[in-house]
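Asker: Dropping a prediction and its sequence here:
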Amino acid sequence: MSESKDHAADDATLRVSKSRHERVTTDEDGQRVDNFLLKRCPGVPRSHIYRLIRKGDVRVDGKRIKQTRKLSVGEVVRVPPIRLVTSDKVTVPDKLALAAQAAIVFEHDDFLVVNKPAGIAVHGGSGLAFGLIDALRQQLNQPKLELAHRLDRATSGALLVGRSLKANRKLQDLFRQRTITKRYLALVDGRWPDRLRTVNAPLLKNTEHAGERRVSVDAAGQEAITHFSVDQRFDEATLLHVQLATGRTHQIRVHARHSGHCVVGDTRYGNNKRNTWFRQQGLNRLFLHSSELAFDWQDLQVQVTVQPDAAWDRAIQVLMSSD
């Protein structure tokens, strides 16, 4: 049986495309080839894209390339035969779409800043049909909106969204150059010591751990630096201001655990017994909030501060009343 028939029998939402050649548009100038392919081949896992590039099946102007290769307008990319998702257009429920629009706290011609609610994924995948970015695209009728960075599903707060591929690449470059200031609020278990101001511990990401990403402090990992300062102490927890010097996956949560004071409500890196106790007090979320983004954009100095939601405020009141 041919590959296409085999896949059609197994999963009616997949088909196998023919080899084709795609020309890089002005809007895609400077985009990495892996991201170019992910856009042109919806539903194909990033790992599969990388494998095709390594094998030499993907060519740019007839030449083999690396996944980090940046494209120039007018170049021609060979896209090999590949399994494509043929599912219908994503439709986001009106309630979520309206909530996404209401969460916009700053608008610019090139980007938006959104106060992402806790519990909402920023994009679809891993069993989710849609995410916050899909809701924004639908409600604002702006299909070119792109995430400039990520926040974990359980984390709330300031999320930067580019309004075009060109603007988004520039925003992502600012993140890579570490010229965007990122500040957070974190509520951690126990009494954080005043002397502990900076955690400098390399982080290693393992992509498989019971089907989820897991990050650990490891000498073989990437440099990771987090600055902490105490805002308020309670009998059972400490409210911290946090500033990231680097932007690694789960950095604050892993550095907090490494320091002996897990983020309250962290089901991945926290203490199950302590999380249960906090839930019994009414603290039912991950208490990590992206509170501020600051950066220079053209001639504009952007500084956006967003406050946590009412559930966060109620939790602080509970902790204060139990002191």
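Answerer: Good, I have the coordinates.

Asker: what are the ranges of the strands in the stretch 51-200 of the chain?
Answerer: With DSSP state E, counting those that start in this stretch, the ranges of strands along the stretch 51-200 of the chain come out as 59-60, 63-64, 76-79, 83-85, 104-107, 111-116, 146-147, 156-162, 181-189, 198-200.

Asker: what's the most buried one of those strands?
Answerer: strand 156-162 (a mean of 25; mean count of other CB atoms under 10 Å). Using the backbone N, CA and C atoms, a C-beta is placed for each residue, glycine as well.

Asker: Could you export the strands of the stretch 51-200 of the chain as JSON lines, including mean pLDDT and distance to C262?
Answerer: Rendered in JSON lines, the data for the strands of the stretch 51-200 of the chain read as follows (pLDDT from 0 to 100; distance: least, CB to CB, whole Å):
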{"stretch": "strand 59-60", "mean pLDDT": "94", "distance to C262": "46"}
{"stretch": "strand 63-64", "mean pLDDT": "93", "distance to C262": "46"}
{"stretch": "strand 76-79", "mean pLDDT": "93", "distance to C262": "44"}
{"stretch": "strand 83-85", "mean pLDDT": "60", "distance to C262": "38"}
{"stretch": "strand 104-107", "mean pLDDT": "97", "distance to C262": "29"}
{"stretch": "strand 111-116", "mean pLDDT": "97", "distance to C262": "22"}
{"stretch": "strand 146-147", "mean pLDDT": "93", "distance to C262": "27"}
{"stretch": "strand 156-162", "mean pLDDT": "97", "distance to C262": "18"}
{"stretch": "strand 181-189", "mean pLDDT": "97", "distance to C262": "5"}
{"stretch": "strand 198-200", "mean pLDDT": "98", "distance to C262": "13"}
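
Asker: Can I get those strands in CSV including distance to A310?
Answerer: Output for the strands of the stretch 51-200 of the chain, formatted as CSV (distance: least, CB to CB, whole Å):
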stretch, distance to A310
strand 59-60, 51
strand 63-64, 54
strand 76-79, 48
strand 83-85, 38
strand 104-107, 16
strand 111-116, 13
strand 146-147, 26
strand 156-162, 12
strand 181-189, 15
strand 198-200, 30
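
Asker: For L293, find the nearest of the ones you listed.
Answerer: strand 156-162 (4.7 Å; CB to CB).

Asker: Show me what the closest one pairs with in its sheet, parallel or antiparallel.
Answerer: strand 111-116 (antiparallel), strand 146-147 (antiparallel), strand 288-297 (parallel) (DSSP bridges).

Asker: Got the domain ranges for this structure?
Answerer: 3-85, 94-168, 178-321 (automatic domain parsing).

Asker: Pull up the gap between H48 and V58, please.
Answerer: Using CB to CB, to the nearest Å, we find H48 at a distance of 11 Å from V58.

Asker: let me redo that: N141
Answerer: Between N141 and V58 the distance is 33 Å, computed by CB to CB.

Asker: what's the closest non-adjacent residue to the residue nearest the centre of the chain?
Answerer: Computing the C-alpha centroid of the chain and ranking residues by CA atoms, centre = their mean puts R150 first, at 1.8 Å. Nearest residue to R150, sequence neighbours excluded (CB to CB, 6 or more residues apart in numbering): V122, at 5.7 Å.

Asker: Do I have it right that that neighbour meets G157?
Answerer: No - at 11.5 Å, V122 and G157 do not qualify as touching, with contact defined as CB atoms under 8 Å.

Asker: which residues do those two both contact?
Answerer: Common neighbours of V122 and G157, counting by CB atoms under 8 Å, 6 or more residues apart in numbering, are 116, 151.

Asker: which residues of the stretch 1-150 of the chain score low on pLDDT?
Answerer: Flagging of the stretch 1-150 of the chain using pLDDT under 70 yields the residue ranges 1-17, 83-89, 125-128.
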